[in-house]
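Visitor: Have a look; sequence and predicted model below, questions after that.
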Amino acid sequence: MFKLAVFLKPYKKECIIGPAFKLLEATFELLLPTIMALIINNGVDKRNIEYVLKMGGVMLLMAILGFCCSMICQYYAARASQGFGTTLRNTIFKHISTLSYAEIDTLGTPSLINRITNDVNQLQLAVAMLIRLVIRAPFICIGAIIMSMIMDFRLSLIFLAATPVFAVILYLVISKSSPLYRKYQQKLDKIALILRENLSGVRVIRAFARTESEKKRFYAANDDLTHTAIHVGKVSALLNPMTSFVMNAAIIAILWFAGFHINAGRLSQGEIIAFVNYITQILLALIVVSNLVIIFTKAVTSASRINEVLAVSTSIQDSESQVQHVISGTSPSIQFNRVSFAYNNTGDKVLEDISVTLERGETIGIIGSTGSGKSTFVNLIPRFYDVTEGSIFVDGINVKDYHLHELRNKISIVPQKAVLFTGTIAENIRWGKQNATDEEIKAAAKIAQADEFISKLPEGYNTQVSRGGLNFSGGQKQRLTIARAVVSKPDILILDDSSSALDFATDAKLRRAITESSKNMTVLIVSQRASTIKQADKIIVFDNRHIAGFGTHKELMNNCEVYKEICLSQLSNEEASK
Ligand SMILES: Nc1ncnc2c1ncn2[C@@H]1O[C@H](COP(=O)(O)OP(=O)(O)OP(=O)(O)O)[C@@H](O)[C@H]1O
């Protein structure tokens, strides 16, 4: 938790002024019982109305000043806690954006969302309480004990005797509830995961009539969360009654002994009322302390979850080289040199000993059974993941020697799942090139075979894309994502099964347009459809982690059994032999 204190640095002023005003308010509050004792002893007892009114006025003034101090503190606490939360959220977000796919896969998207929202909120609350109450509550406790000591030292020893009992209660509750809060947050992550899967996969769930079983899964996770919440709630709920019990026992003891003191004439009526007031102040302050303990126990859990994210350093390190790369026109566009890859250190290899050279300007088809490693192969080129063994060269330079932005500027990738963002169609295409002119956007859409359907829309390129591109069909979404990729005229274009929703004729037109649009662009087309990749200059055939064949359609039909089998399962003999 202390590691995150750096985010409070810009709010030093707020962290000093806020508690200072709170202390001033607490001082006024501590003086009130003494003034009340004076009013009873010197005013009420002696029937001195003038004294009662004068001191009553002083009490009112103190209450008003106390209220003003409290408001000022509240203002500074809100400024510091909100500012702290904003900076922390920005920092986590910035950090997450540096992480590679591998780290994001490990942490889990729903958990990351919970950490950046829920956990930061918890810390924000702790900061506000830190400024408003953390100094005030002990100050009131200690102040009230000192004031009562001044009045009657022996009676006040009862408070001191109650303190260790209170400390033991605090220790027991914290040690029990702290691990439970961590469990609670993990279960909240699980709820977020199920919710996310259900909301994004709502159509599939309905199509497969899985609504009931998904409901049951959600209820089970929710019950589990509730169970933990109740458990932790029960433990925390013990704190307030136990504190009240200890303090009320102290009050009874004080009243008992105070009776003897009054009888002996050592304590006045006013003083005994002030004494009881101080006890009440201590009791209230201790209840605040108990609630603070709960808030801070939660905050410690949240802080460790946030620190966990901030401590993850990306495995994809950007090159530190300042050298401007000079690309030789003769080097191959992409070269894999004995590359192996596993998604995690202990996992099985999903690509093994891959060596292949792709020349500039070639169109490469990539085919193979599902799970054979096609997507993994193309994801290694822009360094979404780093190779486990071997090396990859783009334009003759090891991908690890590029600055990431330089490498990724060369490559446009259209992923399997078409992802669009809210905004207009033009804005979505402009993601590929920020300063693209309207003509460039139209040209890109023409290549992607999207211009025709966009032009028919009443608002054309200014049509709003709703969240996730819901207002477009699967094929339309795919074409828009392809337009976004080609608008920057990249050196390497990767289409990862991204034309699967297009009909054969549109797919063929798309491939022709891409080939014609740039002679120097190396195009990698991953597809399950033999017809999509058949015409490519070269075809890579993946089979179970390995390259089973590499060559033209004709060559592979003659020498690659896996390829021949795929083609013959999809095409007629006549089509396959063409
Ligand atoms: N993020 C990931 N974490 C762990 N394993 C993964 C991950 N992505 C893919 N895999 C595994 O790697 C293997 C290769 O997957 P990949 O997606 O590269 O296959 P593919 O040939 O593209 O399949 P498809 O044609 O179905 O898209 C599969 O066994 C898959 O389970």
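Guide: Thanks, I have the structure now.
Visitor: ok, residue 419 touching residue 481?
Guide: Yes - at 7.0 Å, residue 419 and residue 481 qualify as touching, with contact defined as Cβ atoms under 8 Å. From N, CA and C alone the C-beta is placed, and that goes for glycine too.
Visitor: So for those two, which residue has more residues nearby?
Guide: Set residue 419 next to residue 481 and count neighbours by other Cβ atoms under 10 Å: residue 481 wins out with 26 against 12.
Visitor: what helix or strand is that one on?
Guide: Assessed by DSSP states H and E, residue 481 sits inside helix 474-486.
Visitor: Which positions in that helix come out as buried?
Guide: Judged by neighbour count (16 or more other Cβ atoms under 10 Å), helix 474-486 contains these buried residues: 475-486.
Visitor: That one - contacts with which helices or strands?
Guide: Packing partners of helix 474-486 (3 or more Cβ pairs under 8 Å, 6 or more residues apart in numbering; DSSP states H and E): strand 411-414, helix 425-430, helix 438-447, strand 492-496, helix 504-517.
Visitor: hmm, 7 Å instead?
Guide: Taking 3 or more Cβ pairs under 7 Å, 6 or more residues apart in numbering; DSSP states H and E as the contact definition, the neighbouring helices and strands of helix 474-486 are strand 411-414, helix 425-430, helix 438-447, strand 492-496.
Visitor: need those in JSON lines with mean pLDDT, can you?
Guide: As requested, those are arranged in JSON lines below (pLDDT from 0 to 100):
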{"stretch": "strand 411-414", "mean pLDDT": "90"}
{"stretch": "helix 425-430", "mean pLDDT": "91"}
{"stretch": "helix 438-447", "mean pLDDT": "91"}
{"stretch": "strand 492-496", "mean pLDDT": "91"}
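Visitor: for the ones you listed, which one sits closest to the ligand?
Guide: In terms of Cβ to the nearest ligand atom, the element of those nearest to the ligand is strand 492-496, at 7.4 Å.
Visitor: Who does the closest one pair with, and is each partner parallel or antiparallel?
Guide: Sheet pairing of strand 492-496 (DSSP bridges) gives strand 411-414 (parallel), strand 522-526 (parallel).
Visitor: Now tell me what touches the longest one from outside.
Guide: Spelled out, it's strand 522-526. With Cβ atoms under 7 Å, 6 or more residues apart in numbering as the test, strand 522-526 has contacts from 333-334, 358, 360-366, 374-375, 378, 491-497, 514, 532-533, 536.
Visitor: same for the ligand: which of those residues are within range?
Guide: The subset of the contacts of strand 522-526 within reach of the ligand, by Cβ under 6 Å from any ligand atom, is 374-375.
Visitor: quick one: residue 286 from residue 437, how far?
Guide: 69 Å (Cβ to Cβ, to the nearest Å).
Visitor: This structure - how does it break down into domains?
Guide: 11-309, 334-577 (automatic domain parsing).
Visitor: Would you mind naming what in the stretch 1-150 of the chain lies close to the ligand?
Guide: Proximity of the stretch 1-150 of the chain to the ligand, by Cβ under 6 Å from any ligand atom, involves residues residue 105.
Visitor: show me where pLDDT drops low in the stretch 1-150 of the chain?
Guide: By pLDDT under 70, the weakly predicted segments of the stretch 1-150 of the chain are 1-2.
Visitor: Also the stretch 301-450 of the chain?
Guide: Scanning the stretch 301-450 of the chain residue by residue, the ranges that satisfy pLDDT under 70 are 319-330, 345-346.
Visitor: how about the residues of it near the ligand?
Guide: Taking Cβ under 6 Å from any ligand atom as the criterion, the stretch 301-450 of the chain approaches the ligand at residues 343, 350, 368, 370-376.
Visitor: Can you turn the buried part of the residues you listed into a ChimeraX selection?
Guide: Only the buried entries of these go into this ChimeraX selection, using 16+ other Cβ under 10 Å:
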select :343,350,368,372,373,374,375,376
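Visitor: Cross the residues of the stretch 301-450 of the chain next to the ligand against strands and list the overlap.
Guide: 350, 368 (DSSP state E).
Visitor: Save the residues of the stretch 301-450 of the chain next to the ligand as TSV, and put in distance to residue 160 too.
Guide: Rendered in TSV, the data for those read as follows (distance: Cβ to Cβ, whole Å):
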residue	distance to residue 160
343	61
350	67
368	78
370	73
371	71
372	75
373	72
374	74
375	69
376	68
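Visitor: And the residues of the stretch 301-450 of the chain next to the ligand, which two are furthest apart?
Guide: Set against one another by Cβ to Cβ, these have their most distant pair in 343 and 368, with a gap of 17.6 Å.
Visitor: And the helix or strand where residue 293 lies, how far out from the chain middle?
Guide: Applying DSSP H and E as the criterion places residue 293 in helix 269-311. For helix 269-311, the separation from the chain centroid amounts to 29 Å (computed by Cα atoms, centre = their mean, to the nearest Å).
Visitor: Stretch 552-561 too?
Guide: 48 Å.
Visitor: Following the chain onward from the lengthiest helix in the chain, which element is next?
Guide: Of all the segments of type helix in the chain, defined by DSSP state H, the longest one is helix 49-98. The C-terminal neighbour of helix 49-98 among helices and strands, as given by DSSP H and E, is helix 101-107.
Visitor: Next secondary structure after that following helix?
Guide: helix 109-114.
Visitor: Who are the packing partners of the next helix or strand after that following helix?
Guide: Later in the chain than helix 109-114, the nearest helix or strand by DSSP H and E is helix 120-129. For helix 120-129, the elements it packs on are helix 49-98, helix 269-311, judged by 3+ Cβ pairs under 7 Å, 6+ apart.
Visitor: Now tabulate these in CSV and tack on mean neighbour count.
Guide: Rendered in CSV, the data for the helices and strands packed on helix 120-129 read as follows (neighbours: other Cβ atoms under 10 Å):
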stretch, mean neighbour count
helix 49-98, 16
helix 269-311, 20
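Visitor: Switch the ones you listed over to JSON lines; also include distance to residue 570.
Guide: Formatted as JSON lines, the entries for the helices and strands packed on helix 120-129 read as follows, by distance: least, Cβ to Cβ, whole Å:
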{"stretch": "helix 49-98", "distance to residue 570": "40"}
{"stretch": "helix 269-311", "distance to residue 570": "45"}
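Visitor: Of the domains of the chain, give the one that comes closest to residue 3.
Guide: domain 11-309 (5.8 Å).
Visitor: That closest one: how far from the chain's middle?
Guide: Domain 11-309 sits 26 Å away from the centroid of its parent chain (Cα atoms, centre = their mean).
Visitor: What is the helix holding residue 293 packed up against?
Guide: If contacts are counted by 3+ Cβ pairs under 7 Å, 6+ apart, helix 269-311 sits against helix 12-38, helix 49-98, helix 120-129, helix 136-151, helix 153-200, helix 239-263.
Visitor: Can you tell me the number of residues neighbouring the one residue in the stretch 51-200 of the chain that gets nearest to the ligand?
Guide: Of all residues in the stretch 51-200 of the chain, residue 105 sits closest to the ligand, at 5.0 Å by Cβ to the nearest ligand atom. A count of nearby residues for residue 105, using other Cβ under 10 Å, gives 13.
Visitor: now swap in residue 417 and tell me
Guide: Once other Cβ under 10 Å is used to define contacts, residue 417 is seen to have 10 neighbours.
Visitor: mind checking the SS state of it?
Guide: Secondary structure assignment for residue 417 (DSSP: H, G, I helix; E, B strand; the rest coil): coil.
Visitor: Over to the one 3 residues further on?
Guide: The three-state assignment at residue 420 reads coil, by three-state DSSP.
Visitor: which ones are touching it?
Guide: Residues near residue 420 by Cβ under 7 Å, 6+ apart: 428, 465, 468-469, 477, 480-481.
Visitor: Please apply the same query to residue 351.
Guide: For residue 351, the contact set (Cβ under 7 Å, 6+ apart) comprises 339-341, 373, 376-377, 545.
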